[in-house]
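Asks: how would this look folded up:
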Amino acid sequence: VAIPVSIIATFNLMYFNNLTLNIMTLGGLALGAGMLVDNAIVVLENITRLREEGVPFKEAVIRGTGEVGGAITASTVTTIVVFLPIVYLHGASGEMFKDQAWTVAFSLISSLFVAMLVIPMLVSTLFSDKKKTFDMNPPLRFRWYEKFLDKTVEKRNLVIVLSIVLMGTSALLIPRLGSEFMPKSESAEFTVNLKLPEGTSLKRTESTTIKTEGIIKELLGDGIKLIYCQAGADNNSSLSQTTVTKGENTASLKVILTKDFATKTEEAISLIGNYLKTIPDIEISFTREETALQSSLGTSQAPFSLEVSGEDYNELERIVNESKTILMNNKGLYNITTSLDQGTPEVEVAIDRFKSSYYNVTVESVINQIKSYLSGSSAGNFEKDGEMKDITIRLGDISLHQLRDLMITAGSVKVPLSELSAIKTIVSPREITRRNQSRTCYIYGMVNANMAFDQIIKDAGASLKSVTLPLDYKMEFTGEELKRKESMSNLSFALLLSLILVFMVLAAQFESIIQPFVIMLTIPLAGVGTVLTFFFLGKSLNMMAYIGIIMLGGIAVNNAILLIDRINQLRETGMEKKKAIVLAGTQRIRPILMTSLTTILALLPLTIGIGESASLRAPMALAVIGGLVSSTLLTLVVIPCVYWVFDSFSSWLTGANKVTV
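Replies: As a prediction, the model looks like this:
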């Protein structure tokens, strides 16, 4: 009942806050699905426990709800506040996850009201007041945990030392995980771009394209679903290359892999590239298809991007070519191209102003006559089939020699174009870009899916130190690396701010400075599980994983809140500290395990890989699942020991054995 009621209430809050149903808000509902029942589980379990202990029905409902009311309110608020920094973040992180954060917050607020108001009402309505007899009370059901916790508290110093060693070991593994901007998508589509030498006929380009298609089919076999080919220039085609100058010497082959082969797209690109680069006179490049989320985040089709800036074009060309040669030896990079690679031949006509003035003809007149010869001039129109057609007169395709012999009208005489100008063939850069008032060139590359992106960048930076840069010339990584640094910086700040907010909420709830530190120890314990999960699965940390870690900061403390809150309640009745710790553990182990299990099971579908953006959501779910598993298990062991130590330390400071610390 808690789930449908909470979801309907969430939809109402979304409506009044102008949130629509989209991939991010639905993702928020999916993330919050497991947490929707957490508060209801805690309330219902506490009512059931009191009934099992023989408490009258009405009193069990009222007292059971009241005992956990403060704990579930604090746990809900801590989970909500961790999303506030994400909502107000600048850049891609904030814009993309703002709606998701609000959706999770609304769903948790709804679940709190359902647990506090609806669940007690339903229990009192649907269940009878008849007293039931049970074979054993709740503590006896977890007799093994009671004995284990009793021995653990006795050896608390050893437990704390072992937990510190475990957290330290996990921290040492973090640099080995690697880092990237976004997780690698499992798109089953990519495009192979071919470029033959300038002047290649369309017929030869077509023949080469057909041969390349055969090679790809032979290399990939049954892994291919479809191949679309296009030879020559066609700007209206869906295969048209937007970053490459097209002509009769260029071709594109769009490859669509089968569903079973979609996870091996990087391997397919690497295999094709390694084979085709052995063929002379063919330049190869690849374009990856982006998912909707990647496109909206502005991810680059070539993840690796190196910017070289300076003033002199020839010097930039030297630096770029030297750097490209070095990067081709980097095992993490392949299909390396530069912004200089796609230069196109041009005919440069430099009009001699002295000669043009001698023949009494202006430079503008010479340009207009050349334009008229090559582009044509209007010569009226005619009617055909009821439609008026324009008539344009121009020369056909001409050679460079014929261009030199074009006759330019100069007053009453005609002069060959070669007499008025210097004509030569040059190869111009594909693009001329300027950034921060400096001319820039770029080196692009695809990255090896089996290597961490940040490690590839480190290796590239180390190898490029051998390149000599003149004064006022500089080299820096852009593209995915720039976005990675920006997002990681923003999310690190968001994580720190969320932890501060969680501490403030806990300090207000427990009216203590010491106990919030005890509770927040579950966060590094959760980090152990996240780090080990990513390490053993060979995954890298990315923006999506960081979002999951931030969420974990609010979720992981919930179990400790339940445990510490119950210990405080028992000690307020005058119960001895050790007995209160052991009894609270046995009374709270059931709701702790149930709430953690529901959240983990709800997140499992996000890791399976259903839908286009499944590979992007999986790291977030893995971070939360791994952290919840370790925090749940370690909370039941470590937190009671830490509570004892901090309570004893507080009592020593105050000189009195106080219950509230």
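
Asks: break down the stretch 501-650 of the chain into its helices, ranges please.
Replies: 514-520, 522-537, 543-555, 557-572, 577-608, 614-654 (DSSP state H, counting those that start in this stretch).

Asks: so where does the residue lying closest to residue 558 once chain neighbours are set aside fall, helix or strand?
Replies: Here the nearest residue to residue 558 in space, its sequence neighbours aside, is residue 75; by C-beta to C-beta, 6 or more residues apart in numbering that works out to 3.8 Å. Placement of C-beta: from N, CA and C, glycine included. For residue 75, the host element (DSSP states H and E) is helix 57-81.

Asks: now the angle from that helix to helix 543-555?
Replies: Comparing the axes of helix 57-81 and helix 543-555 via axes from the mean of the first three to the mean of the last three C-alpha atoms, to 10 degrees yields an angle of 140 degrees.

Asks: tilt between helix 57-81 and helix 577-608?
Replies: Going by the same axes, to 10 degrees, helix 57-81 makes 60 degrees with helix 577-608.

Asks: and helix 57-81 with helix 557-572, angle?
Replies: If you take the same axes, to 10 degrees, helix 57-81 sits at 140 degrees to helix 557-572.

Asks: elements contacting helix 57-81?
Replies: Judged by 3 or more C-beta pairs under 8 Å, 6 or more residues apart in numbering; DSSP states H and E, the packing partners of helix 57-81 are helix 38-52, helix 91-113, helix 119-126, helix 480-510, helix 543-555, helix 557-572.

Asks: quick one: mean pLDDT over the first one.
Replies: Throughout helix 38-52, pLDDT has a mean value of 85.

Asks: output that helix as PDB, restricted to C-alpha atoms.
Replies: Written as PDB, here are the backbone C-alpha positions of helix 38-52 (Å, rounded to 0.1, in the frame of the first residue of the first chain):
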ATOM      1  CA  ASP A  38      11.600   1.700   4.300                       C
ATOM      2  CA  ASN A  39       9.700   4.000   6.700                       C
ATOM      3  CA  ALA A  40       6.600   1.800   6.500                       C
ATOM      4  CA  ILE A  41       8.700  -1.300   7.200                       C
ATOM      5  CA  VAL A  42      10.200   0.300  10.300                       C
ATOM      6  CA  VAL A  43       6.800   1.400  11.700                       C
ATOM      7  CA  LEU A  44       5.100  -1.800  10.900                       C
ATOM      8  CA  GLU A  45       7.900  -3.900  12.300                       C
ATOM      9  CA  ASN A  46       8.000  -2.000  15.600                       C
ATOM     10  CA  ILE A  47       4.200  -2.300  16.000                       C
ATOM     11  CA  THR A  48       4.500  -6.100  15.300                       C
ATOM     12  CA  ARG A  49       7.400  -6.400  17.800                       C
ATOM     13  CA  LEU A  50       5.300  -4.800  20.500                       C
ATOM     14  CA  ARG A  51       2.400  -7.000  19.800                       C
ATOM     15  CA  GLU A  52       4.700 -10.000  20.000                       C
END
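
Asks: helices or strands up against it?
Replies: helix 57-81, helix 91-113, helix 119-126, helix 577-608.

Asks: pipe the ones you listed into JSON lines and attach mean neighbour count per row.
Replies: Formatted as JSON lines, the helices and strands packed on helix 38-52 follow (neighbours: other C-beta atoms under 10 Å):
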{"stretch": "helix 57-81", "mean neighbour count": "20"}
{"stretch": "helix 91-113", "mean neighbour count": "22"}
{"stretch": "helix 119-126", "mean neighbour count": "14"}
{"stretch": "helix 577-608", "mean neighbour count": "20"}
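
Asks: is it possible to get JSON lines of those that adds mean pLDDT and distance to residue 313?
Replies: As requested, the helices and strands packed on helix 38-52 are exported to JSON lines (pLDDT from 0 to 100; distance: least, C-beta to C-beta, whole Å):
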{"stretch": "helix 57-81", "mean pLDDT": "88", "distance to residue 313": "54"}
{"stretch": "helix 91-113", "mean pLDDT": "81", "distance to residue 313": "33"}
{"stretch": "helix 119-126", "mean pLDDT": "83", "distance to residue 313": "73"}
{"stretch": "helix 577-608", "mean pLDDT": "88", "distance to residue 313": "50"}
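
Asks: so can I have TSV of these showing distance to residue 331?
Replies: Output for these, formatted as TSV (distance: least, C-beta to C-beta, whole Å):
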stretch	distance to residue 331
helix 57-81	43
helix 91-113	29
helix 119-126	58
helix 577-608	29
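
Asks: in the stretch 301-450 of the chain, where is pLDDT below threshold?
Replies: 301, 341-344, 428-431 (pLDDT under 70).

Asks: any chance you could map the helices in it?
Replies: 313-327, 353-358, 363-375, 400-404, 417-420.

Asks: before we move on, the earlier item: any idea which of the helices and strands packed on helix 38-52 gets closest to residue 358?
Replies: helix 91-113 (61.3 Å; C-beta to C-beta).

Asks: tell me the angle that closest one makes with helix 57-81.
Replies: Angle, helix 91-113 to helix 57-81, by the same axes, to 10 degrees: 170 degrees.

Asks: could I get the CA-only coordinates of helix 91-113 as PDB?
Replies: The C-alpha trace of helix 91-113 is given here as PDB (Å, rounded to 0.1, in the frame of the first residue of the first chain):
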ATOM      1  CA  GLY A  91      27.000  22.800 -15.300                       C
ATOM      2  CA  ALA A  92      26.000  19.400 -16.600                       C
ATOM      3  CA  SER A  93      25.600  17.700 -13.200                       C
ATOM      4  CA  GLY A  94      23.100  20.200 -11.900                       C
ATOM      5  CA  GLU A  95      21.100  20.600 -15.100                       C
ATOM      6  CA  MET A  96      20.800  16.800 -15.700                       C
ATOM      7  CA  PHE A  97      20.100  15.600 -12.200                       C
ATOM      8  CA  LYS A  98      18.000  18.400 -10.800                       C
ATOM      9  CA  ASP A  99      14.700  16.900 -11.800                       C
ATOM     10  CA  GLN A 100      15.800  13.400 -10.600                       C
ATOM     11  CA  ALA A 101      16.800  14.900  -7.200                       C
ATOM     12  CA  TRP A 102      13.500  16.700  -6.800                       C
ATOM     13  CA  THR A 103      11.600  13.500  -7.700                       C
ATOM     14  CA  VAL A 104      13.400  11.400  -5.100                       C
ATOM     15  CA  ALA A 105      12.900  14.100  -2.500                       C
ATOM     16  CA  PHE A 106       9.100  14.300  -3.200                       C
ATOM     17  CA  SER A 107       8.800  10.500  -3.100                       C
ATOM     18  CA  LEU A 108      10.600  10.300   0.300                       C
ATOM     19  CA  ILE A 109       8.400  13.100   1.800                       C
ATOM     20  CA  SER A 110       5.400  11.200   0.600                       C
ATOM     21  CA  SER A 111       6.600   7.900   2.100                       C
ATOM     22  CA  LEU A 112       7.200   9.600   5.500                       C
ATOM     23  CA  PHE A 113       3.600  10.900   5.700                       C
END
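
Asks: run the angle between that helix and helix 614-654 for me.
Replies: 70 degrees.

Asks: wait, residue 34 sits on residue 604?
Replies: No: under the criterion of C-beta atoms under 8 Å, residue 34 is not in contact with residue 604, lying 9.3 Å apart.

Asks: phi, psi for the most centrally placed residue in the chain please.
Replies: Nearest residue to the geometric centre of the chain (C-alpha atoms, centre = their mean): residue 182, 3.1 Å. Dihedral pair for residue 182: phi -130, psi 150, per degrees, to the nearest 10.

Asks: good, we can wrap up now.
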